[in-house]
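S.K.: any chance you can model this:
(one chain, ligands or ions: 1)
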Amino acid sequence: MLTVNHLTITQGERQLWRDFSLQLLPGERIGIAAPSGWGKTTLGRVLAGWQPALSGDVLLDGKALPLNGYCPVQLVPQHPELTFNPYRTTDRSLNDAWRPDDAQLERFAVQAEWLNRRPHQLSGGELARIALLRALDPRTRVLIADEVTAQLDPRIQRSIWQELLLESRQRPLSMIIFSHQQALLEQVCHRIIRFPAEGTE
Ligand SMILES: Nc1ncnc2c1ncn2[C@@H]1O[C@H](COP(=O)(O)OP(=O)(O)OP(=O)(O)O)[C@@H](O)[C@H]1O
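M.R.: Below is the predicted model:
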């Protein structure tokens, strides 16, 4: 279980989250809907250990996330091109995590040939699928999906979400999903937390 305890997160002078708490059961999928600039991506970065919070903590099964080695909470960022090394072919970045087989590449609509290219030689949607597959390393327990399919056409979006839901049920893999697509959140999440909370605007 992922437990988020009283997180306060600042970015520069600005306080983005104050006393934010959440519990996520194995296999549970929670959607977070908030206006642009609210701090969703920053929250994702803190939950996956990419940057510290001002206060509060993030625990997986009661323990702090590991500082070294593989982090079982994985963020798939909205702009994956910023997280791929531009000088390496994408297979090297993917295989830093794990080695998906051909069937797994097919499930997430990744063509083997794309893995011989560098990030700038791929479209945003192609790179987004490789980033997603990389984060699905079998050691991942919680996936934070930050607008992961926003760059994809509706048919591929549907098929990727079908596979993600299958993965979420089978492992089980918990998910925190940030999206501006209300219909998507309603279809894939067990519950949705909306900001600003009703009556506070
Ligand atoms: N490295 C940074 N330094 C300073 N300010 C930042 C930094 N990163 C983000 N911000 C600011 O923090 C706020 C929250 O940004 P964040 O990307 O977390 O929002 P978001 O809710 O994910 O937005 P969107 O829906 O547009 O992706 C924004 O006002 C942004 O300009």
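S.K.: show me what from this structure comes close to the ligand.
M.R.: Selection of the chain residues close to the ligand by C-beta under 6 Å from any ligand atom yields 11-12, 16, 34, 36-42, 78. (C-beta placed from N, C-alpha, C; glycine too.)
S.K.: got the confidence number for Thr200?
M.R.: Note for Thr200: predicted pLDDT of 60.
S.K.: circling back to that earlier point, just the buried residues of the residues of the chain next to the ligand.
M.R.: By neighbour count, with 16 or more other C-beta atoms under 10 Å, the residues of the chain next to the ligand hold 16, 38-42, 78 as buried.
S.K.: for the closest residue to Pro119 other than its chain neighbours, give its distance to Arg118.
M.R.: Among residues not flanking Pro119 along the chain, Phe84 sits closest, at 4.1 Å (C-beta to C-beta, 6 or more residues apart in numbering). Distance of Phe84 to Arg118, computed by C-beta to C-beta, to the nearest Å: 8 Å.
S.K.: what's the answer for Thr140, then?
M.R.: Counting by C-beta to C-beta, the gap between Thr140 and Arg118 amounts to 25 Å.
S.K.: quick one on the thing from earlier: can you put the residues of the chain next to the ligand in a markdown table and add secondary structure and pLDDT?
M.R.: Below are these laid out as a markdown table (DSSP: H, G, I helix; E, B strand; the rest coil; pLDDT from 0 to 100):
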| residue | secondary structure | pLDDT |
| --- | --- | --- |
| Gln11 | strand | 92 |
| Gly12 | coil | 89 |
| Leu16 | strand | 97 |
| Ala34 | coil | 96 |
| Ser36 | coil | 95 |
| Gly37 | coil | 95 |
| Trp38 | coil | 96 |
| Gly39 | coil | 96 |
| Lys40 | helix | 96 |
| Thr41 | helix | 96 |
| Thr42 | helix | 96 |
| Gln78 | coil | 90 |
